[in-house]
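A.B. asks: predicted model and sequence below, questions to follow.
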Amino acid sequence: MDTTLSVLKDYFGFLSFRPYQREVIEKIIEKRDCLVVMATGSGKSLCYQVPPLVVKKTGIVVSPLISLMQDQVMALKQRGIKAEYLSSAQKDYTVQSKAERGQFDILFMTPEKACTIPTSFWSNLLKEGISLFAVDEAHCISEWGHDFRVEYKQLDKLRGVLLDVPYVGLTATATEKVRFDITNSLKMNNPYVVVGSFDRPNLFYGVKQFNRGQSFIDELVEEVSKEVANGCSTIIYCTTIKDVEQIYKSLTEVGINAGMYHGQMDGKSREESHRLFVRDEMQIMVATIAFGMGIDKPNIRKVIHYGCPKNLESYYQESGRCGRDGIASVCWLYYTRSDFAKGDFYAADLKSENQKRAVMESLLAAQQYCLSATCRRKFLLEHFGEKISAERCGNCDNCKVSKQQRDLSREAFLLMACIHSCNGRWGLNMPIDILRGSRAKKIMDAQYDKLPLHGLGKTYQANWWKALGHQLISLGYLKEVVRDTFRLISVSSKGEKFLASCRPDYQPPLVLPLVG
Ligand code: ADP
Ligand code: ZN
């Protein structure tokens, strides 16, 4: 009899493995390091839960949050699996001393604990045997991830101690940089890498611009009331605690049984909110992204983002909390333009230049997603490195609604040509000011007033040009890069082709010397 399969049936009550689970489990049993990149809800936990039960040696799982570990320990115990967790906050050493004698199947640890526990703990446990060393939410190791944690970086120290133990990194964040950082930081040896598809076909993706204020909140409340009437669970993610409180207040004022969750609430009220929501005793949760990891609730029908998220990785995880049961569900993202200007604010406390740049670039990607006029799903999946051949998914706002179209090639030409003249030295505002005929000092200093394009775009407001610029970025005619904390705009090769096709005699315009 296949022991792996019988463990799956006996302990977990599942009949078959989901894609990739079996291969990963087998590789771990063969002691191969593994990197498991799969979407939230695809069943990553099972990959580290099964091997310890098959080889009958303790599996160590590093996990970032105590609440998450508590939930997992409870669920595993209910299945008759010996599980416990260790954190630096515990004063009682009973669990630790049982653990080093190999008395648990699965032992969770915070990264701090794993790095600070005496080496004797590891040498004792190694005598009993360790089936795996798993690092859950492994993207926390990467400065390019959306949730970098310094303690995770120190896990590499253990590599020299846990010599013959397979390392397993698990994450739902899949950009190539993050993947590389994980295998590199954990010093993985020829890891077996699986990257599952990130597509969630049952989720609809949509984006809308909104104006902050009570009148929008009233609309939101009305929309949510309908959900409540239909018995559907909804999460509303806000970017600030103030927004959480305001929306929560508006919902409860009209008698909606909503809950609230954010980092400034005490642990007890947070737990209570979480519990009521997960048990369907409350249908609407208004939260910051603190409400996150470990929400195993299959029937969430809608996730609304009130404000643009910092990056697409967290957006994908947060929105991905709906429709885990496979039933059609909806993700709406509402943004305001000012959301896009928060990069400096997000980057302010960061020390390393790398981290700063990562934060700016991530926000830029989220901005491009918001402004994109093409298939949202394709955009998201391609961001995570998946190749998508179909242009339209048929289940996002851009694929469903055909937008009113207008020939803007003249305007596009003007803007691109002007950006070309700026030669990649400026952000989007400079070429727009030139087109609108500004005589500001920086324009005069750079002699941009002498460009033939100067003043040719006066008929449109600056914001109109900006919107056009954003469209051209999302269509790939322009590209924006982050240098230090500035965004610089330039014409892409696709844009160059467009320019050339507009005017056969087109030569890249004269580049004027910059003064100062
Ligand atoms: P992830 O860690 O990737 O977000 P989980 O490990 O929490 O996902 O699994 C998501 C859900 O899928 C859980 O409810 C889990 O019990 C269920 N699940 C996992 N593997 C299987 C399987 N082989 N068969 C049926 N259900 C499974
Ligand atoms: Zn689409």
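C.D. replies: Sure, I can see it. All of these numbers come straight from a predicted model, not from anything done at the bench. Ligands and ions are numbered 1, 2, ... in the order given.
A.B. asks: quick one: the helices in the stretch 201-350 of the chain?
C.D. replies: 214-229, 241-253, 267-278, 312-319, 343-347 (DSSP state H, counting those that start in this stretch).
A.B. asks: that should have said the stretch 1-150 of the chain, apologies.
C.D. replies: 3-7, 21-29, 45-55, 66-78, 94-100, 111-116, 119-128, 150-153.
A.B. asks: is it possible to export these to CSV including mean neighbour count?
C.D. replies: To be clear about C-beta, it is placed using only N, CA and C from the backbone, and glycine gets the same treatment. Listed next are those as CSV, based on neighbours: other CB atoms under 10 Å:
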stretch, mean neighbour count
helix 3-7, 16
helix 21-29, 21
helix 45-55, 24
helix 66-78, 16
helix 94-100, 16
helix 111-116, 19
helix 119-128, 14
helix 150-153, 18
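A.B. asks: quick one: closest of these to ligand 1.
C.D. replies: helix 45-55 (3.3 Å; CB to the nearest ligand atom).
A.B. asks: how many residues are close by residue 30?
C.D. replies: Residues lying near residue 30 (other CB atoms under 10 Å) number 10.
A.B. asks: over to it: give its phi and psi.
C.D. replies: phi -80, psi 10 (degrees, to the nearest 10).
A.B. asks: which residues are in contact with it?
C.D. replies: By CB atoms under 8 Å, 6 or more residues apart in numbering, no residues touch residue 30.
A.B. asks: could I get the buried residue list for the longest helix anywhere in the chain?
C.D. replies: Across the chain, the helix with the greatest residue count (assigned by DSSP state H) is helix 353-371. By neighbour count on 16 or more other CB atoms under 10 Å, the buried set for helix 353-371 is 356-371.
A.B. asks: following it, which helix or strand shows up next?
C.D. replies: helix 376-383 (DSSP states H and E).
A.B. asks: distance of the closest residue to ligand 1 within the stretch 251-400 of the chain relative to ligand 2?
C.D. replies: When scored by CB to the nearest ligand atom, the stretch 251-400 of the chain has residue 296 as its residue closest to ligand 1, at 5.3 Å. Residue 296 sits 28 Å away from ligand 2 when distances are taken as CB to the ion, to the nearest Å.
A.B. asks: try residue 271
C.D. replies: Distance from residue 271 to ligand 2, by CB to the ion: 38 Å.
A.B. asks: quick one, grab the pLDDT at the nearest residue to that residue once chain neighbours are set aside.
C.D. replies: Leaving aside its chain neighbours, residue 271 sits nearest to residue 67 (7.5 Å; criterion: CB to CB, 6 or more residues apart in numbering). At residue 67, the pLDDT value in this model is 84.
A.B. asks: hmm, back to that, with mean pLDDT and mean neighbour count added, can I get the helices of the stretch 201-350 of the chain in JSON lines?
C.D. replies: Below are the helices of the stretch 201-350 of the chain laid out as JSON lines (pLDDT from 0 to 100; neighbours: other CB atoms under 10 Å):
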{"stretch": "helix 214-229", "mean pLDDT": "91", "mean neighbour count": "14"}
{"stretch": "helix 241-253", "mean pLDDT": "96", "mean neighbour count": "17"}
{"stretch": "helix 267-278", "mean pLDDT": "91", "mean neighbour count": "16"}
{"stretch": "helix 312-319", "mean pLDDT": "90", "mean neighbour count": "24"}
{"stretch": "helix 343-347", "mean pLDDT": "83", "mean neighbour count": "15"}
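A.B. asks: to residue 167, which of the helices of the stretch 1-150 of the chain lies closest?
C.D. replies: Among the helices of the stretch 1-150 of the chain, helix 21-29 comes nearest to residue 167, with 9.5 Å by CB to CB.
A.B. asks: which residues are in contact with residue 100?
C.D. replies: Here residue 100 is in contact with 120, 121, 124, 125, 128 (CB under 8 Å, 6+ apart).
A.B. asks: remind me which residues of the stretch 251-400 of the chain are low pLDDT?
C.D. replies: By pLDDT under 70, the low-scoring segments of the stretch 251-400 of the chain are 293-294.
A.B. asks: one more: the stretch 101-250 of the chain?
C.D. replies: 174.
A.B. asks: most proximal residue of it with respect to ligand 2?
C.D. replies: Proximity of the stretch 101-250 of the chain to ligand 2 (CB to the ion) peaks at residue 205, 7.1 Å away.
A.B. asks: tell me, how many residues neighbour that residue?
C.D. replies: Neighbours of residue 205 using other CB under 10 Å come to 24.
A.B. asks: residue 89 touches residue 109, doesn't it?
C.D. replies: No - contact criterion CB atoms under 8 Å: residue 89 and residue 109 do not qualify, at 12.0 Å.
A.B. asks: which one of those two has more residues nearby?
C.D. replies: Ranked by neighbour count (other CB under 10 Å), residue 89 and residue 109 place residue 109 first, with 22 against 9.
A.B. asks: just list whatever residues bridge to that one.
C.D. replies: residue 62, residue 86 (DSSP bridges).
A.B. asks: now do the SS call for residue 194.
C.D. replies: strand (DSSP: H, G, I helix; E, B strand; the rest coil).
A.B. asks: distance of the residue lying closest to residue 29 once chain neighbours are set aside relative to residue 491?
C.D. replies: Closest residue to residue 29 apart from its sequence neighbours, by CB to CB, 6+ apart: residue 51 at 5.4 Å. Residue 51 is 52 Å from residue 491, where distance means CB to CB, to the nearest Å.
A.B. asks: list the residues that contact the residue nearest to the spatial centre of the chain.
C.D. replies: The residue lying closest to the centre of the chain (CA atoms, centre = their mean) is residue 313, at 1.6 Å. The contact partners of residue 313, by CB under 8 Å, 6+ apart, come to 139, 145, 146, 173, 175, 178, 362.
A.B. asks: is residue 488 in a bridge, and if so with what?
C.D. replies: Beta-bridge partners, per DSSP bridges, of residue 488: residue 481.
A.B. asks: surely residue 482 and residue 363 touch.
C.D. replies: No - here residue 482 does not reach residue 363: they are 9.0 Å apart, not a contact under CB under 8 Å.
A.B. asks: any idea how far apart the tips of stretch 26-33 sit?
C.D. replies: Terminal residues of stretch 26-33 are spaced 11 Å apart (CA to CA, to the nearest Å).
A.B. asks: average model confidence for it?
C.D. replies: Rounded mean pLDDT across stretch 26-33 is 97.
A.B. asks: numbering from 168 from now on, please.
C.D. replies: Renumbered: residue one is now 168, and that last one reads stretch 193-200.
A.B. asks: what separates that stretch from the chain centre, distance-wise?
C.D. replies: Offset of stretch 193-200 from its chain centre (CA atoms, centre = their mean, to the nearest Å): 28 Å.
A.B. asks: which parts of the stretch 168-317 of the chain sit against ligand 1?
C.D. replies: With CB under 6 Å from any ligand atom as the criterion, the stretch 168-317 of the chain meets ligand 1 at residues 181, 184, 185, 188, 205, 207, 208, 209, 210, 211, 212, 213.
A.B. asks: in stretch 318-335, which residues are buried?
C.D. replies: Quick answer for stretch 318-335 (16+ other CB under 10 Å): 318-323, 325-326, 329, 332-335.
A.B. asks: do the same with stretch 495-510
C.D. replies: Under the neighbour-count criterion of 16+ other CB under 10 Å, stretch 495-510 has 496-504, 506-507, 509-510 buried.
A.B. asks: contacts for it, please.
C.D. replies: 369-379, 383, 406, 467-477, 482, 486, 489-490, 526-527, 530-531, 534, 536-537, 652.
A.B. asks: swap in stretch 438-458?
C.D. replies: 234, 391, 394-395, 398-408, 411, 414-415, 418, 423-430, 432, 437, 462-464, 466, 476, 481, 485.
A.B. asks: do that again at 7 Å, thanks
C.D. replies: Outside stretch 438-458, the residues that touch it by CB atoms under 7 Å, 6 or more residues apart in numbering are 391, 395, 399-405, 408, 411, 414-415, 418, 423-430, 462, 464, 481, 485.
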